[in-house]
Structures are given as structure tokens and as C-alpha cells.
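**Q** When you get a sec, could you give me coordinates for this:
(one chain, ligands or ions: 2)
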Amino acid sequence: MDRFTSGWADAWAAQLNKDTQWAESAKSWKWSVLIRIQDQSSWVLDLYKGACRSIRQAEPGESADFILSADAATWNRILDGEQAPMVAIMQGAVKLEKGSILTLGRFAKSATLMLEAAMRVDGPPAETPLPVAVQPVGGDGEAGSAGSEHHVSFRTTSGRGLDHDSLPMQLYQKAKKLGIWDPRNLDMSADRGHWEALTDPERDVLTRLLAMFQAGEEAVTLDLLPLMRALAMDGRLEEEIYLTTFLFEEAKHVEFFQRIFEEVVMLDADLSHFHTPSYKQLFYEELPLAMNRLDTDASSEALIAASVTYNMVVEGTLAETGYQAFYSVLEDRGIMPGVTEGIRLLQRDESRHIAFGVHLISRLINENPNLMGVFQNRMADLMPLAMASITELFACYDPMPFGLKEEDFVQFAMDQFGKRMRRIEQVPTSGQLTSE
Ligand SMILES: [Fe+2]
Ligand SMILES: [Fe+2]
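**A** Ligands and ions are numbered 1, 2, ... in the order given. Below is the predicted model of the structure:
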């Protein structure tokens with residue numbers, strides 16, 4: 001069926017009204033949407049609380065609560081499943097001419113399901129081929145040594161030495177200077193007094209943030225090993241050398257937050273009720289699944305999926321947004337200086353971790369440009385979860401303590417997400433990789 005015709009619009013509406021998953025995700029959506037196909041036509045989607053009342057061609061000059069505009073090629077890419085709608089908005093390929101990005105971010109899952117319903121209008125999806133053939137683990141020329149039961153030779157005693165100019169070795173040198181701060185040496189003597197002076201709701205939201213960070217740090221500590229092993233088996237000596245500092249730092253971050261619970265919050269209760277459904281899906285399921293898959297599948301695709309989950313989404317989007325929340329609360333009020341200093345040091349460690357992720361994903365895409373699709377799809381899959389982890393936190397409070405605004409944090413997270421996305425998409429597909 002031809003797209004952007006009234007028959008197509010009716011078929012799309014029918015698909016939506018059959019889709020119980022979409023209905024559930026859109027049950028509190030109550031705004032009209034206008035989709036503009038530049039230089040062609042505009043379509044008004046009358047969506048209300050999980051029902052699609054109609055999809056029809058817009059009258060000339062007609063408006064709606066949300067207006068999304070892009071050229072036909074972009075809409076076709078989205079409808080062909082080659083581009084995730086929310087990612088297209090963040091990249092600017094689809095322009096949000098009217099409406100709140102915050103609301104859209106909150107309904108990212110619903111938007112994806114809505115477009116998937118439109119894709120079904122074209123008939124059942126063809127057997128989706130993997131974006132690229134699975135790449136065998138190639139190593140970096142150490143074949144016959146790394147990954148086998150015996151070492152045939154060693155890099156450092158074969159005249160080849162270490163590549164000191166490589167990004168992992170540069171990060172390793174930095175880590176030896178900057179990553180050795182000791183959580184035990186932070187002066188937290190004033191922090192407990194400041195904590196006691198907070199109101200109950202203020203303490204509750206900070207405890208929630210801390211409980212999210214603490215479980216997150218524990219998760220990344222537990223789940224890093226498969227990546228280290230996969231890279232070691234591939235003979236990536238410089239990358240493994242850097243990762244030794246990475247794991248040490250994550251362990252230290254667990255210790256840092258534990259010290260806050262022991263000496264400032266002074267609470268040893270079960271805090272898992274602070275973990276919302278999307279947070280749980282990301283940290284209890286997606287992260288360990290993506291990382292542990294590497295034990296049996298160390299293909300380039302699996303490595304990219306793991307690094308996107310760990311470095312781009314957990315560290316690069318959610319943790320970065322979390323630091324902002326701490327700074328907004330603690331630094332602006334000049335309270336809890338020990339905790340604030342620790343967060344600053346921890347964020348500096350994390351910037352190296354994210355830089356490593358950018359390096360790893362860039363290296364893999366540089367070796368095989370077809371893997372860009374794997375990167376983009378994984379980012380698009382996790383984006384709604386990352387956003388929902390933030391909006392679910394805000395939904396727990398009314399009013400939100402400290403005057404924190406949901407819109408600011410969703411926007412910040414989206415900016416971080418878009419930044420990571422663009423950084424990788426600029427990867428040269430041949431030649432030298434640049435460092436961060
Ligand atoms: Fe960390
Ligand atoms: Fe980290």
C-alpha cells in the first residue's frame with residue numbers, strides 16, 4: 001500500500017487499535033499529533049488515552065498539540081525501521097516544531113510502538129537479517145597466542161612492545177595519576193550534620209538517588225569482567241591494561257557510596273524499593289545480559305551492544321544525569337562537602353570510562369563500518385528505558401523536594417544521549433582514530 005495515502009492512514013489507525021501494548025503505553029496520552037511530510041502532506045493523529053480515534057490528512061494551515069516535521073526520505077527511513085523515531089528527533093532529522101520534548105521523552109516507548117504499527121501496514125516484516133555478518137574475533141595480530149590454551153609468544157618479548165600512543169594507554173597513564181583518590185580520605189565530618197538538617201522528603205529523594213547510584217556502581221563492578229576477558233582473549237593488551245584501572249575505580253565507587261550510607265545516611269535497611277521498574281530492567285537485566293553474553297559470544301556486535309549499554313547509556317547518560325542532580329542539590333546549597341567532593345572525583349573517573357567506550361565502539365566500527373547500525377539500534381532500544389528511569393523517579397514526589405525540575409533532567413539526559421550518539425557517528429571509517 002502506498003504510504004501517505006488515506007487508505008494507508010486508515011490501515012495504520014486500525015493497526016494501532018489492535019495493539020494492546022501500544023494502548024497500555026499510551027493510556028495517559030491525550031494530545032493530537034500532526035506529522036508533516038515536508039513538501040508533500042500532513043497527517044493528523046487523533047490519539048486519546050490509548051485509542052486512535054482517526055488518522056486523516058490535515059486541512060491547510062491546521063495545527064495540533066504536537067507537530068513533527070521531516071522530509072519524506074526521513075519518514076520512510078523511520079517507517080522502514082532503519083531509524084528510531086526518538087533518536088531521529090534528538091539528531092534533528094525530525095523537527096519537533098510544536099510540543100514538549102519532556103512529554104515526548106516520557107512516551108518514547110509509545111512513539112516507537114506507534115511507528116511499529118505503521119510498519120505493519122506494509123505487511124509482515126521480512127525476515128530481519130542481522131545488520132552485518134557476525135565477525136569472528138580477530139585479535140590484533142596475536143593469533144596463536146591470546147585465546148588459545150597455550151601462549152605461543154608474548155607481545156612485550158617479541159620486539160613489538162606496547163603502543164604507548166594508543167588511547168587505552170593514554171587513559172591508563174591518566175588513571176594512575178587521577179584515579180588513585182581514596183574514599184576513606186574524604187572529609188565527611190560536616191556531612192552528617194547537614195543531612196540531619198534536611199526535611200524527610202529531602203532525605204528521601206537523596207536516599208533514592210544514592211540507592212540508585214550504589215546499586216549501579218555494584219552492577220558495573222560485577223558486570224565488567226566478561227568485557228575484560230573478551231578483550232584479553234582477543235589479545236588486546238593495551239585495552240586490558242587500561243581496564244585494570246577501570247575495575248579498580250568501580251570498586252572504589254562502591255566503597256565511596258557505602259561510606260555515605262554508613263556515616264552520613266546511617267541506614268542499613270533494604271533500599272531496593274527505591275529502584276523503579278525501568279531502573280530494574282536496565283540494571284538488573286539489560287546490563288548483566290549484555291555483559292555476560294560476551295562469555296559465549298565475543299563478536300564485534302556483542303561487544304558494541306555491551307559497550308553501548310555500559311558506557312554510553314549507564315555511564316554516559318544516566319550517571320551523568322545523576323551527578324547533575326547531586327550538584328543541583330548539594331553544591332548549590334553548599335552542603336555535604338565530603339559527598340560533593342567524592343562525586344566530583346568519581347565523575348572524573350567516569351569520564352575516562354566513557355572515553356574508553358567511545359574508543360572501543362569507534363575501533364569496532366572503524367574495522368567494519370556496517371556495525372554502525374548495531375550501535376544505533378542498541379542506542380535506540382535503550383533510550384526509552386533511560387528516560388523512563390528519570391521520569392519514574394520524579395513521579396514518586398509531589399512536590400519534588402529541592403525544587404528539582406523533571407524537564408531539566410530529561411533535557412539534560414537527552415543532550416547527553418545525543419552527544420554520545422553524534423560522537424560515534426563521526427567515527428572515521430578508515431584511518432587513524434582520534435582520542436577524546
Ligand atoms: Fe563508577
Ligand atoms: Fe564507570
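
**Q** counting contacts, what elements does the longest helix anywhere in the chain pack onto?
**A** In the chain, with assignment by DSSP state H, the single longest helix is helix 337-367. Identification of packing neighbours for helix 337-367 by 3 or more Cβ pairs under 8 Å, 6 or more residues apart in numbering; DSSP states H and E yields helix 167-178, helix 191-196, helix 237-260, helix 300-307, helix 320-326, helix 372-395, helix 406-425. C-beta coordinates here come from the backbone N, C-alpha and C atoms, glycine included.

**Q** Of the ones you listed, which is nearest ligand 2?
**A** helix 237-260 (5.4 Å; Cβ to the ion).

**Q** ok now that closest one, how far from the chain's centre?
**A** 20 Å (Cα atoms, centre = their mean, to the nearest Å).

**Q** Which is the succeeding secondary structure element to that helix?
**A** Remark: after helix 237-260, the chain's next helix or strand is helix 277-280, criterion DSSP states H and E.

**Q** residues making contact with the next helix or strand along the chain from that next one?
**A** Counting by DSSP H and E, the next helix or strand C-terminal to helix 277-280 is helix 287-292. The list of residues contacting helix 287-292 from outside it, by Cβ atoms under 8 Å, 6 or more residues apart in numbering, reads 219-220, 222-227, 302, 305-306, 308-310, 314.

**Q** how about 10 Å then?
**A** 216, 219-220, 222-227, 230, 281, 302-310, 313-314, 378, 382 (Cβ atoms under 10 Å, 6 or more residues apart in numbering).

**Q** Please pick the buried ones from those.
**A** 216, 219-220, 223-224, 226-227, 230, 281, 302-310, 313-314, 378, 382 (16 or more other Cβ atoms under 10 Å).

**Q** Enumerate every residue touching the residue in the chain positioned nearest to ligand 2.
**A** In the chain, the residue that lies nearest ligand 2 is residue 353 (3.7 Å; Cβ to the ion). For residue 353, the contact set (Cβ under 10 Å, 6+ apart) comprises 171, 175, 179, 220, 224, 242-243, 245-246, 249-250, 310-311, 314-316, 319.

**Q** To what extent is the closest residue to residue 343 other than its chain neighbours buried, counted in neighbours?
**A** Take residue 343 and drop its neighbours on the chain: the residue closest to it by Cβ to Cβ, 6 or more residues apart in numbering is residue 326, 5.0 Å away. Neighbour count for residue 326, taken as other Cβ atoms under 10 Å: 21.

**Q** Quick check: buried residues in the longest helix of the chain?
**A** Buried, per 16+ other Cβ under 10 Å, within helix 337-367: 337-340, 342-343, 345-347, 349-366.

**Q** shaky segments in this protein?
**A** Confidence mapping of the chain against pLDDT under 70 gives the ranges 124-148, 428-436.

**Q** The contacts of residue 353: which ones sit near ligand 2?
**A** residue 315 (Cβ under 5 Å from the ion).

**Q** Mind giving me the PyMOL command for buried ones among the contacts of residue 353?
**A** Only the buried entries of the contacts of residue 353 go into this PyMOL selection, using 16+ other Cβ under 10 Å:
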select buried, resi 171+175+179+220+224+242+243+245+246+249+250+310+311+314+315+316+319
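
**Q** Would you quantify the distance from the residue of the chain closest to ligand 2 to residue 313?
**A** 13 Å (Cβ to Cβ, to the nearest Å).

**Q** any idea how far the helix or strand containing residue 210 is from the chain center?
**A** Under the criterion of DSSP H and E, residue 210 resides in helix 200-223. Taking Cα atoms, centre = their mean, one finds helix 200-223 lying 17 Å from the centre of the chain it belongs to.

**Q** what angle sits between that helix and helix 372-395?
**A** Interaxial angle, helix 200-223 versus helix 372-395 (axes from the mean of the first three to the mean of the last three Cα atoms, to 10 degrees): 150 degrees.

**Q** Just give the closest residue to the residue most central in space within the chain, not the sequence neighbours.
**A** Computing the C-alpha centroid of the chain and ranking residues by Cα atoms, centre = their mean puts residue 313 first, at 2.0 Å. Once flanking residues are discounted, residue 313 sits nearest to residue 382: 4.7 Å by Cβ to Cβ, 6+ apart.

**Q** contacting residues for that neighbour?
**A** 281-282, 286-287, 290, 305, 308-309, 312-314, 317-318, 417.

**Q** What's the separation between it and residue 19?
**A** 22 Å.

**Q** what's the answer for residue 271, then?
**A** 36 Å.

**Q** coming back round to it: which of the helices and strands packed on helix 337-367 is buried the deepest?
**A** helix 300-307 (a mean of 25; mean count of other Cβ atoms under 10 Å).

**Q** And that one, how far out from the chain middle?
**A** With Cα atoms, centre = their mean, you get 14 Å for helix 300-307.

**Q** Same check on stretch 4-16?
**A** Distance, centroid of stretch 4-16 to centroid of chain: 33 Å (Cα atoms, centre = their mean).

**Q** Just the buried residues of that stretch, please?
**A** 4, 8, 9, 11, 12, 13, 15, 16.

**Q** For the residues you listed, give me a markdown table that also has secondary structure and distance to residue 23.
**A** As requested, these are exported to a markdown table (DSSP: H, G, I helix; E, B strand; the rest coil; distance: Cβ to Cβ, whole Å):
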| residue | secondary structure | distance to residue 23 |
| --- | --- | --- |
| 4 | coil | 24 |
| 8 | helix | 21 |
| 9 | helix | 19 |
| 11 | helix | 17 |
| 12 | helix | 15 |
| 13 | helix | 13 |
| 15 | helix | 12 |
| 16 | helix | 8 |
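
**Q** and these near ligand 2, which?
**A** Among the buried residues of stretch 4-16, no residue is within reach of ligand 2 (Cβ under 5 Å from the ion).

**Q** Let me know the closest of those to ligand 1.
**A** Distances from ligand 1 to these, taken by Cβ to the ion, are shortest for residue 16, at 41.2 Å.

**Q** Can you tell me who residue 48 pairs with across the strands?
**A** In this structure, residue 48 bridges to residue 51 when assessed by DSSP bridges.

**Q** That one touches residue 17, doesn't it?
**A** No: if you go by Cβ atoms under 10 Å, residue 48 and residue 17 don't touch, sitting 11.6 Å apart.

**Q** Same drill for these two, tell me which one is more crowded.
**A** Set residue 48 next to residue 17 and count neighbours by other Cβ under 10 Å: residue 17 wins out with 15 against 12.

**Q** Mind giving me the packing neighbours of the strand or helix carrying the more buried one?
**A** Take DSSP H and E as the rule and residue 17 turns out to sit in helix 6-18. Judged by 3 or more Cβ pairs under 10 Å, 6 or more residues apart in numbering; DSSP states H and E, helix 6-18 is in contact with helix 20-25, strand 41-48, strand 51-57, helix 108-121.
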